[in-house]
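> Mind folding the following:
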Amino acid sequence: MAAEQGDTDAQCNVGVCYNDGEGIQQNHAEALRWFRMAADQGDADAQHAVGERYQRGEGVKQDHAEALRWYQLAADQGCAEAQYAVGKCYTSGKGVGQNHTEAARWFREAADQGYPDAQRALAKCYEHGRGVKKNIVKALRWFRKAAEQEQESDASSSEDESESSEESSDADGNHALAKASKKKPAPKRK
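All right, here's what the predicted structure looks like:
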């Protein structure tokens, strides 16, 4: 199997299957093991997934500092979701001292990549003057960008669902096969 041979995409996909219980009994510890294999090879999405496991205490004892360490590894490689997670750690003070300036900086990194949650978080920073100088105009601009991103995402999802329902109505009416072929991707792969 490709995952056992070191393929990070395959390892992440196996991790997702164990994490979500897709085709196999849900097992968070086993999911963490597979994510960790890919993360140890430098895969940013897997590093983010390992960080999430530590943040939530899934398959491992909850450890916010360890979560931040993994998020930081992925964030340093440009993973927007991890950059947002680092920002949240600085906002909450979990795993690191609370620092709104650092939070805003990391939200900005992810927001610039079009990550809607980060765009909203950055907008709130500007709205309330946390970590940045209060600026309602910038707050509105980032709220608007987040809404536009989500609209584009919703439109794309609607198109995908329309195509998938057409595909699943094949000549044999084999809906399960069409559904099974739409495996959930590795953690937010881009």
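
> give the contact list for the most centrally placed residue in the chain.
Centroid-nearest residue in the chain: residue 81, 4.5 Å away (criterion: CA atoms, centre = their mean). Applying CB atoms under 8 Å, 6 or more residues apart in numbering, we find residue 81 in contact with 48, 74, 110, 115, 188. Quick note: C-beta positions are derived from backbone N, CA and C, even for glycine.

> Mind checking which of those land in helices?
Among the contacts of residue 81, the members found in helices (DSSP state H) are 48, 74, 110.

> Among these, which one lies nearest to residue 155?
Closest approach to residue 155 among these (CB to CB): residue 110, at 21.6 Å.

> pLDDT wise, what is residue 182 at?
Looking at residue 182, its pLDDT is 31.

> Can you tell me which of the contacts of residue 81 are buried?
48, 74, 110, 115 (16 or more other CB atoms under 10 Å).

> and residue 72, how many neighbours?
For residue 72, the count of nearby residues is 20 (other CB atoms under 10 Å).

> and of the contacts of residue 81, the nearest to residue 58?
Nearest to residue 58 out of these is residue 48 (CB to CB; 13.6 Å).

> where exactly do the helices run in the chain?
Assigned by DSSP H, the chain shows helices spanning 8-20, 28-40, 44-56, 64-76, 80-92, 100-111, 116-128, 136-168, 175-180.

> These into CSV, with extra columns for distance to residue 2?
Below are the helices of the chain laid out as CSV (distance: least, CB to CB, whole Å):
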stretch, distance to residue 2
helix 8-20, 4
helix 28-40, 12
helix 44-56, 14
helix 64-76, 22
helix 80-92, 24
helix 100-111, 30
helix 116-128, 31
helix 136-168, 25
helix 175-180, 18
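
> How about residues contacting stretch 96-106?
By CB under 8 Å, 6+ apart, the residues outside stretch 96-106 that reach it are 64-65, 68, 75, 83-84, 86-92, 118, 121-122, 125, 130-132.

> hmm, which of those are the buried ones?
Buried by 16+ other CB under 10 Å: 64, 68, 75, 83-84, 86-91, 118, 121-122, 125, 131-132, out of the contacts of stretch 96-106.

> got a list of what the residue nearest to residue 82 when sequence neighbours are not counted touches?
Closest residue to residue 82 apart from its sequence neighbours, by CB to CB, 6 or more residues apart in numbering: residue 74 at 3.5 Å. Contact analysis of residue 74 by CB under 8 Å, 6+ apart lists 44-45, 47-48, 51, 81-82.
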